[in-house]
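Engineer: I would like to see how this sequence folds:
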Amino acid sequence: MSTQQFNREANYQAALSMARDMLRQGVIDDDDFVKIEAHFRMKFSPCFSAFGG
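Structural biologist: Next comes the predicted model:
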């Protein structure tokens, strides 16, 4: 794994963690989370998380 791939994966996981926290707190709903997750996958192109996240 290259440094660039590692950074993309780490940034994806950090962003998704924040979205999960927002979901747990009721700030967003399930539909919003699904949209956010899809956006993050496109933005960060995670290598491992694309296999089932």
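Engineer: Which residues does the lengthiest helix in the chain contact?
Structural biologist: In the chain, taking DSSP state H as the definition, the longest helix is helix 3-24. Helix 3-24 has contacts (CB atoms under 8 Å, 6 or more residues apart in numbering) with 1, 28-30, 32-33, 36-37, 40-41, 43-49, 53. Bear in mind the C-beta positions are built from the backbone N, C-alpha and C, glycine included.
Engineer: Mind doing that once more with 10 Å?
Structural biologist: For helix 3-24, contacts defined as CB atoms under 10 Å, 6 or more residues apart in numbering pick out 1-2, 27-30, 32-33, 35-37, 39-41, 43-50, 53.
Engineer: are any of the residues you listed buried, and which?
Structural biologist: 28, 36-37, 40, 44, 46, 49 (16 or more other CB atoms under 10 Å).
Engineer: so where's the chain uncertain?
Structural biologist: 49-53 (pLDDT under 70).
Engineer: make it 50
Structural biologist: 53 (pLDDT under 50).
Engineer: Give me the residue at the spatial middle of it.
Structural biologist: Leu16 (3.4 Å; CA atoms, centre = their mean).
Engineer: so who does Phe40 touch?
Structural biologist: Contacts of Phe40 (CB under 10 Å, 6+ apart): 11-16, 18-19, 46, 49, 53.
Engineer: hang on, the earlier thing: report the buried residues of the longest helix of the chain.
Structural biologist: 8-9, 12, 15-16, 19, 23.
Engineer: Lys35 sits in which helix or strand?
Structural biologist: Taking DSSP states H and E as the criterion, Lys35 maps to helix 30-44.
Engineer: ugh, typo on my part, it should be Cys47
Structural biologist: Under DSSP H and E, no helix or strand contains Cys47.
Engineer: Could you check what's spatially nearest to it, not counting adjacent residues?
Structural biologist: Gln5 (5.1 Å; CB to CB, 6 or more residues apart in numbering).
Engineer: Same question for Ser45.
Structural biologist: Nearest residue to Ser45 in three dimensions, chain neighbours excluded: Arg8, at 5.8 Å (CB to CB, 6+ apart).
Engineer: Alright, calling it a day.
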